[in-house]
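Novice: Need a 3D model of the sequence below.
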Amino acid sequence: MAAMQDAERRNATVLFADLTGFSGLVEQRDPEEAYAALSACVKRLDGIARRHGGSVHMNLGDAIMAVFWDRETRSNDAGAAIAAAVEMRDGVDEFNREHSMPSPFGIHFGIDSGPVVALESSLVAGGVSLVGEVVNIAARLMELSPKGQVWVGERTYRAVHSGFRFRALDRVSL
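Specialist: This next block holds a predicted model:
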């Protein structure tokens, strides 16, 4: 197989976060007002990800994908991603209180860690596309997680199990 130009294999932790309640907000408010609330909330989530060493790689309407890279300066990107998710959950609650949201936002998460290939791409924000099972698993965990919960993949759990409190779940098919 030929080598891919501008491709780099890295370890990463991928966090998907999905805001719930946006549809209800659109039904109750003017579209511009609803969009302004969504944008302000997503901006807050982006700031939280950055404070924890991640970057919002993709904005998917009312969902985001943040990436935490394994670097020399960060030995625990999985832990940083979980800490960011917990802060994001609290940040959404605070946002709802500050803005007296008639249809409050909720949020739920999926996180997984492992190898990815980062490819330069003009098709995505940030110019880098990620390929790897990690991305798919994190997205599926987010889809399955209930509002307010942070679901993590087995690799993420193994990396940080002693630093956070976890509750065992039944196995799910991804």
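Novice: Just to check, Ala81 is in contact with Met65?
Specialist: No - taking contacts as Cβ atoms under 8 Å, Ala81 lies outside contact range of Met65: 11.3 Å. Every residue, glycine included, has its C-beta placed from N, CA and C.
Novice: These two - which one has more neighbours?
Specialist: Ala81 (31 against 23; other Cβ atoms under 10 Å).
Novice: Give me the next element, helix or strand, following the host helix or strand of that one.
Specialist: Using DSSP states H and E, Ala81 falls within helix 77-98. The first helix or strand that comes after helix 77-98 along the chain, using DSSP H and E, is strand 106-120.
Novice: helices or strands next to whichever helix or strand comes after that next one in the packing?
Specialist: Counting by DSSP H and E, the next helix or strand C-terminal to strand 106-120 is strand 128-131. With contacts taken as 3 or more Cβ pairs under 8 Å, 6 or more residues apart in numbering; DSSP states H and E, strand 128-131 sits against strand 106-120.
Novice: at 10 Å what do you get?
Specialist: Here strand 128-131 touches strand 7-20, strand 55-59, strand 63-69, strand 106-120, going by 3 or more Cβ pairs under 10 Å, 6 or more residues apart in numbering; DSSP states H and E.
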